[in-house]
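Chemist: okay, sequence plus prediction incoming.
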Amino acid sequence: MKQLEVKRRQIEYLAKAFEVILFLIIERKLGLEGCGFFLVAIMLFLMLWTFVGENLPDVLGKMIRIRKAKGQYKSIRNIRWYSFLSQLVLGVIGAFLMFGVGTYLGENVLGCPYGSLMIWILSPLLFLRGISFLLLGYCQGEGSELPSVVACVLRLIATYVFGVVLGAMAGEYGEKVSALLKLPRYTAMYMGAGWCVAIVMAELVVILFLFCSFLSGNRRRREKEAESMKASVSFSSFLGACSKNVIFRALICFLELFPVVIGMMMYYHREGETAPLTYGTYFVGYFTICILFYRLLNAVAVPFWGKVSGFFRRDEVRLGRVSFHGGIHLLMALSMILSVGITAMPAQVGSLAGFTSPNVVKIVIQGSFWIVFASLGFYFSRMLMRFGKNILVMGIGILCDILFVMLYRMLWSDEKMGLLALMYASLIAMAIYAVLLGAIAIQLVGGKVDWFRIVLLPALIAGAIGILQALCVKFIGEHLEALYVLVLIGGVGFVAYWCILLLLRNFSEEELSVMPFGGVLLGLGKMLGVF
């Protein structure tokens, strides 16, 4: 991957992390039960979106860049028209599916009729986001990564601005309806609907920006098309090439999302009217925190994909192996200290997320290591996909999803488990997913893995730091606000952790040379007299 593409992908994953923070802001407005209603619409949207256009920009951009390098500008014009027609059909089908089937699932399977209004409002978003991703693909095909970056930021800002206004207006109307019907749930339902309208309006703003960005080079494109050779791309060949690249990626993304969606459906179906409140508490207090750090680690993993596959294409096998093992090492070190930090300060982390339930604190302590397995699973799966092992990744994903469902059904037979059953099933399935993919990826790349240096030593040091953090929280946690505790104890522990790793020469100079911010760590190591 080119450096600009790497930066663009990193910013996209960082934007997804900020989407999690935006979700926490929305939760503060809706309340935990209202958040449970909102999650019904969001999960159904995400489930359908993986097939409508999740991977469209990358695939379409690559197709256009290949033709552009060969001077086939008339073929590019045909690709744009074919992709527009295809996305138009997919978007309309997806919107109608969400409106009809999504409403049925929300009301009859999940037993949550209060989410139906949000599902109806979000239905057009499948069509609109498909158009915006289509325009992103056009811009990426022209070699411009800036519109993708601006679109990520613009979508977040517009959603927040519109959401604050529309959420408040809809919430006031919901309060009147709740007072009239004497049903307090209508307040959260209407406020959530206001935020859903804000999400749709934000997408319209993004489409307008991307359309203007695309039109800015229209005259230059027409001149090149007039001088170009005859188009060589037919509609059938376009569909074949596009399907070959999109379908497997979409299936893999769906399989990774499936445990969250099916776990939510099974929980709602079993618990009935109490499910939105308890699941909202679980999702906000535990899973949102995990997803936030998971997305940040995704951004860290991006640079290694291109480096490893690029080194292997150029027959520089040794450098490819160093980069691959360096990626495992860095993700292991980062995810371990983050998971241990959350385990040492669960109440403080939770208070910022908006929960104080002792039961959820137990889930956080035991389940925070999902971050380790999820980040490594993401790294190994995307690395194998770069080597063309899509079917293998998909097969393991199906196997682990089946395992998740079996574990969840087995654990929830004990009524005392409650939400712990959902956490344990997800944690075990994700651990097996990461281990299986990791074993295959390591075997494929080759080279000797220093397990003590890459896994055991960072885990031991992180554990020691975590114990010290927990003791500090016990003595001074009651006297400081949660934010100050996290910044002070968490920040000092994080810095001390990396200094100890450097002093023990846990990272080699060669590994640091291929890591993000490796130059900073190398400079710190030289300052400490290690290198």
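Modeler: On my side now, so go ahead.

Chemist: quick one, grab the pLDDT at the residue most central in space within the chain.
Modeler: With distances taken as C-alpha atoms, centre = their mean, residue 295 lies nearest the centre of the chain, 5.2 Å away. Looking at residue 295, its pLDDT stands at 93.

Chemist: how about low-confidence regions in the protein?
Modeler: For the chain, the stretches with pLDDT under 70 are 1-2, 217-235, 237, 241, 353-359, 477, 518, 528-531.

Chemist: check which helices and strands the helix ranked longest in it is in contact with.
Modeler: When the chain is scanned for its longest helix (criterion: DSSP state H), the result is helix 3-52. Here helix 3-52 touches helix 73-97, helix 116-141, helix 146-181, helix 185-215, helix 235-271, helix 275-282, helix 288-313, going by 3 or more C-beta pairs under 8 Å, 6 or more residues apart in numbering; DSSP states H and E. (Each C-beta comes from the backbone N, C-alpha and C, glycine too.)

Chemist: tell me which of these lies nearest to residue 429.
Modeler: helix 235-271 (6.3 Å; C-beta to C-beta).

Chemist: what's the angle from the closest one to helix 275-282?
Modeler: 100 degrees (axes from the mean of the first three to the mean of the last three C-alpha atoms, to 10 degrees).

Chemist: buried sites along helix 235-271?
Modeler: Going by neighbour count (16 or more other C-beta atoms under 10 Å), the buried part of helix 235-271 is 238, 241-242, 245-246, 248-260, 262-268, 271.

Chemist: check stretch 50-68 too.
Modeler: 50-61, 63-64, 67-68.

Chemist: got the contact list for it?
Modeler: By C-beta atoms under 8 Å, 6 or more residues apart in numbering, the residues outside stretch 50-68 that reach it are 73, 75-76, 79-80, 83, 87, 90-91, 94, 126, 129-130, 133-134, 136-143, 148, 233, 241-242, 245-246, 249-250, 253-254, 257.

Chemist: about what we covered before: and the buried residues of stretch 50-68, which is closest to residue 396?
Modeler: residue 50 (17.5 Å).

Chemist: residues in contact with residue 480?
Modeler: residue 488.

Chemist: please, which helix or strand holds residue 343?
Modeler: Secondary structure assignment for residue 343, by DSSP states H and E: helix 317-344.

Chemist: ok, then the element right after that helix?
Modeler: By DSSP H and E, the next helix or strand past helix 317-344 is helix 346-353.

Chemist: please export the C-alpha coordinates of that following helix as PDB.
Modeler: The C-alpha trace of helix 346-353 is given here as PDB (Å, rounded to 0.1, in the frame of the first residue of the first chain):
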ATOM      1  CA  PRO A 346     -12.900  -0.700  36.100                       C
ATOM      2  CA  ALA A 347     -15.000   1.600  38.100                       C
ATOM      3  CA  GLN A 348     -13.200   4.700  36.900                       C
ATOM      4  CA  VAL A 349     -13.400   3.600  33.200                       C
ATOM      5  CA  GLY A 350     -17.000   2.800  33.700                       C
ATOM      6  CA  SER A 351     -17.900   6.100  35.200                       C
ATOM      7  CA  LEU A 352     -16.700   7.900  32.100                       C
ATOM      8  CA  ALA A 353     -18.800   5.500  30.000                       C
END
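
Chemist: check which helices and strands that helix sits against.
Modeler: helix 288-313, helix 358-367, helix 482-485.

Chemist: make it 6 Å
Modeler: Helices and strands touching helix 346-353, by 3 or more C-beta pairs under 6 Å, 6 or more residues apart in numbering; DSSP states H and E, are helix 358-367, helix 482-485.

Chemist: tell me, how many residues neighbour the closest residue to residue 367 other than its chain neighbours?
Modeler: Leaving aside its sequence neighbours, residue 367 sits nearest to residue 423 (C-beta to C-beta, 6 or more residues apart in numbering; 4.3 Å). By other C-beta atoms under 10 Å, 26 other residues sit near residue 423.

Chemist: name the element residue 423 belongs to?
Modeler: Here residue 423 is assigned to helix 419-445, by DSSP H and E.

Chemist: how far does that helix sit from the chain's center?
Modeler: The chain centroid and the centroid of helix 419-445 are separated by 17 Å under C-alpha atoms, centre = their mean, to the nearest Å.

Chemist: could you point out which element follows it?
Modeler: Next element after helix 419-445 (DSSP H and E): helix 451.

Chemist: ok so, going back, which SSE is immediately downstream of the longest helix of the chain?
Modeler: Using DSSP H and E, the helix or strand that follows helix 3-52 in sequence is helix 56-69.

Chemist: tally of neighbours for the spatially closest residue to residue 319 that is not a sequence neighbour?
Modeler: Distance criterion C-beta to C-beta, 6+ apart; nearest residue to residue 319, sequence neighbours excluded, is residue 311 at 4.6 Å. Number of residues near residue 311 (other C-beta under 10 Å) recorded here: 19.
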